[in-house]
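**Q** Make a model of this:
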Amino acid sequence: MSVVDPRGSTARTGPVRDPAHPVSPSGDPAADEVGTGHPVLPPPARVRPGPLRRALRRPATLVAWVVLALVVLVSLLAPLIAPFDPTLQDPTATLLTPGSRDHPLGTDNFGRDQFSRILYGGGPLIVTAIASVIIAALVGSLIGLVAGYRGGWVDTVAMRTMDVLLSFPLILLAIMVVAALGTGLINLIIAVAISQVPVFARLVRALTMRESGREYVLAARSGGFRPARILFGEIAPNLLGPLVVQATSTVAVATGYAAAMSYLGLGIQPPTADWGLMVKEGQQYLFQAPDLVIVPGLLITAFVTACNFAGDDLRDRLDPGGALTGKEARR
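**A** Prediction:
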């Protein structure tokens, strides 16, 4: 290629090169490979980091998953590793300090081994949180699917009902349900589930309204599929990612509610070992034996925080672009 410089002379230049697509010195990659013995290769493809490398880049998330796994594992194995029956009382060994020979975490005011009660205490909270979230997700998803797909008066009635439930503080709603049904594990699960149904109903309703206009739903309608087939066979599977993310975050909320209900005396009843109930029973000995309150309180905090971090991690993996904007979720 020839160009004319300002002095009027003609200069010979080489081929114009695109920085984004470099060429070989002679313009012939095959010739360069033969002449030098070094082939001109394209830049290496970007390798996506594996799960372990991604976890190492976010240590807080890794710690959260480890905490969740340990809490669940210890709660399942509590009957095998607990040295004492958590309800066994020993009047001669009350309020022993941590570090005792037979009781590494001491005893409570009834002489019950604190270490055994800690091991057993996470079970009721985990069962309440997971069971209530499953029930809330199933009921709320059904309401949201039907309301979002049908629209009209069905959507209006369903969403106004959810608005009425949301007009109460959710913890107050759970307290009202327990007050009506009575105390106990089953009633606690029902109360926490009812308080979380509006959360899932509004999320699924908004997602269903968005998905109803997609091509695959329009094609299913054109194909003569029944509404039930479209809802549960076409739309519902595409909502699993956001639902899993929401469920993981809701487990943290349900755990806090369950612990608060037990602390107020409306949840798990004595002598069952429960972290929330242990905080209530130990508060009167806060200055004499602060570990009775601090240890179960820290465990509740650690579990709830780990659930929140795990929910954020699942959101980044399953829904990196964000399934809904804040404006859509509030409609």
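
**Q** make it CA atoms for all contacts and neighbour counts henceforth
**A** OK.

**Q** remind me which residues of the stretch 201-331 of the chain are low pLDDT?
**A** For the stretch 201-331 of the chain, applying pLDDT under 70 flags the ranges 319-331.

**Q** same thing but 50
**A** By pLDDT under 50, the weakly predicted segments of the stretch 201-331 of the chain are 324-331.

**Q** could you show me where the helices are in it, in order?
**A** For the stretch 201-331 of the chain, helices defined by DSSP state H, counting those that start in this stretch occupy the ranges 215-222, 227-229, 240-263, 275-282, 291-318, 326-330.

**Q** okay but V204 is in contact with A147, surely?
**A** No: under the criterion of Cα atoms under 8 Å, V204 makes no contact with A147, lying 9.1 Å away.

**Q** Settle it for me: which of the two has more neighbours?
**A** Counted by other Cα atoms under 10 Å, V204 and A147 do not tie: V204 has more neighbours, with 28 against 25.

**Q** one step back: mind checking which of the helices of the stretch 201-331 of the chain is nearest D102?
**A** helix 291-318 (16.8 Å; Cα to Cα).

**Q** got the buried residues for that closest one?
**A** 291-293, 295-297, 299-300, 302-315, 318 (16 or more other Cα atoms under 10 Å).

**Q** what do you get for stretch 239-249?
**A** Neighbour-count burial for stretch 239-249 flags L239, G241, P242, L243, V244, V245, Q246, A247, T248, S249 (criterion: 16+ other Cα under 10 Å).

**Q** do the same with stretch 109-121
**A** Result for stretch 109-121 [16+ other Cα under 10 Å]: buried residues N109, G111, R112, D113, Q114, F115, S116, R117, I118, L119, Y120, G121.

**Q** hey, C-alpha coordinates of it in PDB?
**A** Listed next in PDB are the C-alpha coordinates belonging to stretch 109-121 (Å, rounded to 0.1, in the frame of the first residue of the first chain):
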ATOM      1  CA  ASN A 109     -30.600 -24.000  86.500                       C
ATOM      2  CA  PHE A 110     -32.200 -27.500  86.400                       C
ATOM      3  CA  GLY A 111     -28.800 -29.300  86.100                       C
ATOM      4  CA  ARG A 112     -29.300 -30.200  82.500                       C
ATOM      5  CA  ASP A 113     -26.200 -30.600  80.400                       C
ATOM      6  CA  GLN A 114     -25.900 -27.500  78.300                       C
ATOM      7  CA  PHE A 115     -23.800 -29.100  75.600                       C
ATOM      8  CA  SER A 116     -26.400 -31.800  75.000                       C
ATOM      9  CA  ARG A 117     -29.100 -29.100  74.900                       C
ATOM     10  CA  ILE A 118     -27.100 -27.100  72.400                       C
ATOM     11  CA  LEU A 119     -26.800 -30.100  70.100                       C
ATOM     12  CA  TYR A 120     -30.500 -30.900  70.200                       C
ATOM     13  CA  GLY A 121     -31.700 -27.200  70.200                       C
END
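
**Q** Now do it: everything it contacts.
**A** 74-75, 78-79, 82-96, 103-108, 272-275, 292, 296 (Cα atoms under 8 Å, 6 or more residues apart in numbering).

**Q** Could you do stretch 176-193 as well?
**A** 124, 128-129, 131-133, 135-136, 173-175, 254, 257-258, 261, 266-269.

**Q** try 6 Å
**A** By Cα atoms under 6 Å, 6 or more residues apart in numbering, the residues outside stretch 176-193 that reach it are T128, S132, I135, A136, A174, L266, G267, I268.

**Q** Enumerate every residue touching the residue sitting nearest the centre point of the chain.
**A** In the chain, the residue lying closest to the centroid (Cα atoms, centre = their mean) is T248, at 2.3 Å. With contact set as Cα under 6 Å, 6+ apart, T248 has these partners: G311.

**Q** before we move on, what about the one 4 residues further on?
**A** Residues in contact with A252 (Cα under 6 Å, 6+ apart) are V304, C307.

**Q** distance of it from S75?
**A** 17 Å (Cα to Cα, to the nearest Å).

**Q** same thing with F287?
**A** 29 Å.

**Q** What's the first helix or strand after the longest helix seen in the chain?
**A** Assignment by DSSP state H gives helix 114-150 as the longest helix of the chain. Following helix 114-150 in sequence order, the next helix or strand is helix 152-166 (DSSP states H and E).

**Q** For the next helix or strand after that following helix, list the C-alpha coordinates in CSV.
**A** Counting by DSSP H and E, the next helix or strand C-terminal to helix 152-166 is helix 170-181. Taking Å, rounded to 0.1, in the frame of the first residue of the first chain, the C-alpha atoms of helix 170-181 are listed here in CSV:
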residue,chain,number,x,y,z
LEU,A,170,-45.6,-10.7,60.0
ILE,A,171,-44.3,-11.6,63.4
LEU,A,172,-47.6,-10.2,64.9
LEU,A,173,-49.6,-12.2,62.4
ALA,A,174,-47.7,-15.4,63.5
ILE,A,175,-48.4,-14.6,67.1
MET,A,176,-52.1,-14.1,66.3
VAL,A,177,-52.3,-17.5,64.6
VAL,A,178,-50.6,-19.3,67.5
ALA,A,179,-52.9,-17.5,70.0
ALA,A,180,-55.8,-18.9,68.0
LEU,A,181,-54.5,-22.4,67.4
